[in-house]
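# Output the structure for:
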Amino acid sequence: MEILLGLIVGAVIGLGIHFALPHRGERGVALAPFAGAAASAVSWTALTWAGLTVASPLLWLVAIAAPALTTLVLIPLLSRTRVRRDATDRAHLGI
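Sure, this is the predicted structure:
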């Protein structure tokens, strides 16, 4: 049940990064929150299996850092790829 805290933290961080980065119109509004929640869930699960509890500051630090790093790397990469592919398609179609 405590993993929900990690999922919510990851989704909120992803949502904040979605609005902080450019090219919002080229990607869906749910992509960054889902990526953040997934990164937080994976790291939270791995660390709880390793024996950390909610009382451990390391668990919370990783639950905050993992979605931030994941979305800060993934979202600009996907956005640039989408912008480049859209430009290629427009040129190909003569639009």
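# From W49, how far off is R85?
38 Å (C-beta to C-beta, to the nearest Å). Using the backbone N, CA and C atoms, a C-beta is placed for each residue, glycine as well.
# neighbour count winner among the two?
Set R85 next to W49 and count neighbours by other C-beta atoms under 10 Å: R85 wins out with 11 against 8.
# Just the element for that one, please.
Element membership of R85 [criterion: DSSP states H and E] is helix 57-93.
# One more: L5?
Using DSSP H and E, L5 sits in helix 3-20.
# Same check on A55?
Counting by DSSP H and E, A55 is part of no helix or strand.
# Give me the phi and psi angles of it.
Backbone geometry at A55, expressed as degrees, to the nearest 10, gives phi -70, psi -10.
# related to what we said a few turns ago, state the mean pLDDT of the helix holding L5.
Averaged across helix 3-20, pLDDT comes to 94.
# other SSEs contacting the helix holding R85?
Other elements packing on helix 57-93 under the criterion 3 or more C-beta pairs under 8 Å, 6 or more residues apart in numbering; DSSP states H and E are helix 3-20, helix 31-49.
# Figure out which of those helices is closest to S56.
With C-beta to C-beta as the criterion, S56 lies closest to helix 31-49 of the helices and strands packed on helix 57-93, at 7.8 Å.
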